[in-house]
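Trainee: Sequence plus predicted model, see below.
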Amino acid sequence: MSQDLLTIKQAATVRRDGSMELVTHNASLAPGRFSFANYDEFTAYLKELGGRASGRGVRGTMARKGQYTRSGVTFGDPVLDAISSSTGSLVIGDKTFDLRDFLDKVMDDTAPGGVILASPALKFTGMVNGAERWASDDGSTVEYRLGKGRLTFHAWKKSSITQYWSMGAEITVSNTPANFQVADITSHYYMSVDAPCQVVKVDSDSDRHDSYVDEYEWGWNSQQPERVASLCRAVWHGQKFADLVTAGSGCEIFRNDNWPVGFPPDWNTISTVPNLNGNWTDGSSRSAVISVDLKAITVNMSAFGRPTAHGTVQDSQTISVTFPDDRTYTGQLIAPNRIRWSNGSTWTKIINTVMDLNGNWTDGSARSAAISEGPSAIKVDMSDYDRVNAQGSIVNASTIQISFPDDKTYTAQLQPPNQIRWSNGSVWTRKP
């Protein structure tokens, strides 16, 4: 069901641990409830948003994945957007709060701005994986710049005269269609309760193929932790980036905490021969469509009237796939175009051109285009070049035709074993 015109409360889900998650992909959401007879009624509503009693007030945990807009004022904070009108107002009894004040009248260690998650001034610190690294002096923000695109890790801590506060971390991709392939955040929250600067909360969240993910704590009329420190990690443009960002005051012990080391093993990419992406047949007229994302495998079995299967690349010659309506099988990869399954069956890749086009192709620069070849259609992911995706078709075994929306339509001659020569004279070469 489309999320458009749903309220935040309708679009969000409550997790098993009581926290709230909002997953949106450029949805347009509607304002929800913003008027309450008294504080008890308002507090009860906050608990429906994943809040829990904390002293005389409420606190909760929220995770947001993807972008959204709201009719009227959009705070970008799902909690604020769930309790305010289209003009940004909240009514409790005979009191009206203009929550837009939260955008300007913050009491925080970071500079106020036009949005809740304002970015301070950044300074260039060097190059990492081909990207410029820019960072703030206060440790709250690290930004990687590659071409037009920006990958930003940001921690924040904010509170206001309305008794609402929030703090956490976000990962954002901007100015480019090249989303992160995968990203995660691990946050430690420090608050003095029985002793100074105790870790009162450890939380984490992750997302794939998106431009935004965050995780944060929020509260109303409740004690706010002194500091948040967050390890942000992402794979962007095929490269791995990680930084520890923080917001708040005191509690410098965060620097010596036990943070995850390196990157998760399933973020690695294993090259295989044959390339697994594409259509595969068991000898019948039907085919399964395999797609690989880092080490994860998805097998679309809809042509067989069967549910989608999932698995992993074990090594360069072995895969393991679980078929929900059957069992788990291993597959041995046999060059140039076969998979021999552990039940004795064999799949053969369907390739209708003189060479398999599936995979990454480069024009000689450090960037690459990812081609997906179907039985007749071709898709070209140009996001690594900060360009929109292109589509086309197979003309014959040696010729393809592709329309680039930001340019024009080109034909190309396929020259085995690893070159595409375009009608404008440029040449693409397959990347290993």
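Mentor: Looks like it came in fine.
Trainee: Show me what the helix or strand harbouring residue 243 pairs with in its sheet, parallel or antiparallel.
Mentor: Here residue 243, judged by DSSP states H and E, is contained in strand 239-248. Sheet pairing here is set by DSSP bridges, and for strand 239-248 it gives strand 227-236 (antiparallel).
Trainee: rewinding a little: give the buried residues for the strand holding residue 243.
Mentor: 239, 240, 241, 242, 243, 244, 245, 246, 247, 248 (16 or more other Cβ atoms under 10 Å). The C-beta positions use only the backbone N, C-alpha and C, and glycine is treated the same way.
Trainee: Out of those, which comes closest to residue 415?
Mentor: Using Cβ to Cβ, the shortest approach to residue 415 within these belongs to residue 239, at 29.3 Å.
Trainee: Skip the chain neighbours and tell me the closest residue to that closest one.
Mentor: residue 129 (3.8 Å; Cβ to Cβ, 6 or more residues apart in numbering).
Trainee: The one you found - how many residues pack around it?
Mentor: As a burial measure, residue 129 scores 13 neighbours (other Cβ atoms under 10 Å).
Trainee: That one: what's it in contact with?
Mentor: Residue 129 makes contact with 239, 240, 241, according to Cβ atoms under 8 Å, 6 or more residues apart in numbering.
Trainee: So residue 44 lies in a strand, does it not?
Mentor: No. Counting by DSSP: H, G, I helix; E, B strand; the rest coil, residue 44 is located in no strand; its state is helix.
Trainee: mind listing what's buried in the helix or strand hosting residue 170?
Mentor: Residue 170 is part of strand 164-174 when elements are defined by DSSP H and E. Neighbour-count burial for strand 164-174, counted by 16+ other Cβ under 10 Å, picks out 164, 165, 166, 167, 168, 169, 170, 171, 172, 173.
Trainee: and the second one, what does it touch?
Mentor: With contacts defined as Cβ under 8 Å, 6+ apart, residue 165 is in contact with 157, 158, 159, 218, 219, 220, 224.
Trainee: One more pass at 6 Å, please.
Mentor: 159, 219, 224 (Cβ atoms under 6 Å, 6 or more residues apart in numbering).
Trainee: Check the secondary structure at residue 266 for me.
Mentor: Per three-state DSSP, residue 266 ends up helix.
Trainee: Let me know how buried residue 216 is, in neighbour terms.
Mentor: 30.
Trainee: wait, doesn't it sit right on residue 158?
Mentor: No. Applying Cβ atoms under 6 Å, one finds residue 216 not in contact with residue 158, separated by 9.9 Å.
Trainee: any residues in contact with both of those two?
Mentor: By the contact definition Cβ under 6 Å, 6+ apart, residue 216 and residue 158 are jointly contacted by residue 166.
Trainee: Can you give me the separation between residue 188 and residue 167?
Mentor: Distance of residue 188 to residue 167, given as Cβ to Cβ, to the nearest Å: 11 Å.
Trainee: Ok, residue 426 next?
Mentor: Remark: distance between residue 426 and residue 167 (Cβ to Cβ) = 49 Å.
Trainee: again with residue 335
Mentor: Distance, residue 335 to residue 167, using Cβ to Cβ: 52 Å.
Trainee: What residues are bridge-paired with residue 158?
Mentor: Going by DSSP bridges, residue 158 forms beta bridges with residue 166.
Trainee: For it, the count of nearby residues, please.
Mentor: Neighbour tally, residue 158, other Cβ under 10 Å: 25.
Trainee: now residue 138
Mentor: 16.
Trainee: Which residue ranges of the stretch 301-432 of the chain form strands?
Mentor: 309-315, 318-322, 328-334, 338-341, 346-349, 359-362, 369-373, 377-381, 390-396, 399-403, 409-415, 419-422, 427-430 (DSSP state E, counting those that start in this stretch).
Trainee: out of the ones you listed, deepest packed?
Mentor: strand 369-373 (a mean of 21; mean count of other Cβ atoms under 10 Å).
Trainee: Now do it: which elements does it pack against?
Mentor: If contacts are counted by 3 or more Cβ pairs under 6 Å, 6 or more residues apart in numbering; DSSP states H and E, strand 369-373 sits against strand 377-381.
Trainee: For the stretch 101-250 of the chain, just list every one of the strands.
Mentor: 123-128, 131-135, 141-146, 149-159, 164-174, 180-191, 198-210, 212-220, 227-236, 239-248.
Trainee: Just put those strands in TSV and tack on distance to residue 263 and mean pLDDT.
Mentor: TSV is the format used below for the strands of the stretch 101-250 of the chain (distance: least, Cβ to Cβ, whole Å; pLDDT from 0 to 100):
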stretch	distance to residue 263	mean pLDDT
strand 123-128	14	97
strand 131-135	16	97
strand 141-146	15	97
strand 149-159	14	95
strand 164-174	14	96
strand 180-191	9	98
strand 198-210	12	96
strand 212-220	16	96
strand 227-236	6	98
strand 239-248	5	97
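Trainee: Output the ones you listed as a markdown table; include the columns distance to residue 309.
Mentor: Putting the strands of the stretch 101-250 of the chain into a markdown table (distance: least, Cβ to Cβ, whole Å) gives the following:
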| stretch | distance to residue 309 |
| --- | --- |
| strand 123-128 | 37 |
| strand 131-135 | 36 |
| strand 141-146 | 35 |
| strand 149-159 | 32 |
| strand 164-174 | 30 |
| strand 180-191 | 21 |
| strand 198-210 | 18 |
| strand 212-220 | 26 |
| strand 227-236 | 24 |
| strand 239-248 | 28 |
